[in-house]
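*Asks:* Pasting a predicted model and its sequence here:
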Amino acid sequence: MFNWIRIIRKILRLIYEFLFIVLIIDFCVCLSGGNMMGMESLIALAGVLVVSYIARDKVSHAISLSIIHVILGILVFFLMHDMYMKIILDVVLLGIFIDAAMYMKRGFFIHRAFDAPWDVFFVGIAVTILAYYLKNDELQMFVYFASIIMMIDYLVSLYIEGLDSYIELNKSVVGLPMRQMISINSFIVTTVIAIIIVTIFLADLFGLPKVVAGFVLAFLALIRILIVILGFIMRFVFGFFTAAPVDHKRAAEEIEEIAREESILSRILYFVMVAMVIAFAVYVLIRICKLLVTWLISKQDRRYEIIEKLDTKKKKGMVKTHIEKETDYGINSNEQKARRIYKKKVISFRRFFLPDRTDTTSDIEEAILKFTHDDEESISSEKNKTLKEMYEAVRYGNKVPDRDYLRKMKQL
């Protein structure tokens, strides 16, 4: 699904970029007194864009990408017949190469051509004004449909981008009805696009710009009538205090003349009728969308469970085990026995021996020797070693005590 979404986003961006480039080229060429792009130029531009979009994913180095675009520029220069269009397409190809290089620099991450469709608004208005000024119906029709397609393309790409982000964030959710949610969201976006298309079609059918202009003129005529009425009231008030005659017929004739010339009532009624038709069409589309979404939700299978996979380690329970072997935890090992012997013989010795402040080391050694048995002598192999030295040999050295070694420590 991710690959399909990525391909759809590329296609939508390619269409948007193609139409935007065509609008810019047509605006510049027609402004300089030339003609619109022909079929040959459109095919060449489309081919260059398609090859560039394929190459930017297949090639991993910017040097190779630049070589491909240079080759495309050479082919365009030799295959095109119009010299003016050759130069324009080569300049456009340079911009396409920069866009491809930025795409590679972003880590092959697809961005919309523009964050907001202001380019459609400004470029579309500029080209429309130019076409109206030059009285070029072909250019005016092209910019009309191109702007609609670019606006729809922007909405669809915005939806696809949000869908991609939603799927990316919910990778860890199991049992989520992704296809059904995509279908519902697709119906909603399709309804929005259909509303835009139907509104534009009905507006063009009923001549909505002229209707709105007539409504504005009628509104201005109403303001003029209000000004006439206010002037009449002021003259009437001042005439009441000054006893000057007030001409009632003049104000009535002015109001009647304004209403007859501007056709206020007919323009307002026609505007209301067109607005009601468009609003009714939009309401019907919204109701159809609601019915389809309700039908999809009613067909939903609720037997699944939504589960989130959490990457957590399983907690180990506390289990009581009986130690049967002597080697478990090293409690009954010879090293531990040697340690206990040392603690019993040396460290615990301080409980019943407290040296004085004036005692020297030799005095302490003599006091310790008083507690040893005179008849117990060390074995020859360990004759010159003390208990501390034997213990340190076990603890800090590589000595592995055996039964004889422990017996000798006990004898000390």
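*Replies:* Perfect, I can see it now.

*Asks:* name the element the residue lying closest to Ile268 once chain neighbours are set aside belongs to?
*Replies:* Spatial nearest neighbour of Ile268, chain neighbours left out: Ala218 (5.3 Å); criterion: C-beta to C-beta, 6 or more residues apart in numbering. Placement of C-beta: from N, CA and C, glycine included. Using DSSP states H and E, Ala218 falls within helix 208-242.

*Asks:* how about that helix: buried residues?
*Replies:* 208, 211, 214-215, 218, 221, 225, 228, 232, 235 (16 or more other C-beta atoms under 10 Å).

*Asks:* Give the closest residue to Phe215 in space, chain neighbours not counted.
*Replies:* Leaving out its chain neighbours, the residue that sits closest to Phe215 by C-beta to C-beta, 6+ apart is Phe271, at 4.0 Å.

*Asks:* So which bits of the helix or strand in which the one you found is found are buried?
*Replies:* Phe271 belongs to helix 264-298 when assigned by DSSP H and E. Within helix 264-298, the residues that count as buried by 16+ other C-beta under 10 Å are 264, 267-268, 270-271, 274, 278, 281-282, 285, 289, 292-293.

*Asks:* Same list, the buried residues of helix 208-242, but as TSV with distance to Val189 and pLDDT please.
*Replies:* TSV is the format used below for the buried residues of helix 208-242 (distance: C-beta to C-beta, whole Å; pLDDT from 0 to 100):
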residue	distance to Val189	pLDDT
Leu208	24	74
Val211	29	79
Gly214	34	78
Phe215	32	79
Ala218	37	79
Ala221	42	78
Ile225	46	77
Val228	51	76
Phe232	56	73
Arg235	60	70
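
*Asks:* any idea which of these is closest to Thr386?
*Replies:* Here the nearest of the buried residues of helix 208-242 to Thr386, counting by C-beta to C-beta, is Leu208; it sits at 110.4 Å.

*Asks:* Let me know the distance separating the closest one from Val284.
*Replies:* 18 Å (C-beta to C-beta, to the nearest Å).

*Asks:* Surely Met36 is within a strand?
*Replies:* No: with DSSP: H, G, I helix; E, B strand; the rest coil as the criterion, Met36 is located in coil rather than a strand.

*Asks:* who touches it in this structure?
*Replies:* Counting by C-beta atoms under 8 Å, 6 or more residues apart in numbering, Met36 makes contact with 26, 29-30, 136, 138-139, 142.

*Asks:* one more time with 6 Å
*Replies:* 26, 139 (C-beta atoms under 6 Å, 6 or more residues apart in numbering).

*Asks:* phi, psi of it?
*Replies:* phi -70, psi 170 (degrees, to the nearest 10).

*Asks:* Read off the pLDDT value for it.
*Replies:* Met36 is assigned 85 on the pLDDT scale.

*Asks:* now swap in Ser41 and tell me
*Replies:* 88.

*Asks:* That one contacts Met85, correct?
*Replies:* Yes: counting by C-beta atoms under 6 Å, Met85 is a contact partner of Ser41 at 5.1 Å.

*Asks:* re earlier: now do the helix holding Phe271: which elements does it pack against?
*Replies:* Packed against helix 264-298 by the contact rule (3 or more C-beta pairs under 6 Å, 6 or more residues apart in numbering; DSSP states H and E) you find helix 178-205, helix 208-242.

*Asks:* now those as CSV including distance to Lys337?
*Replies:* Shown next, in CSV, are the helices and strands packed on helix 264-298 (distance: least, C-beta to C-beta, whole Å):
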stretch, distance to Lys337
helix 178-205, 66
helix 208-242, 102
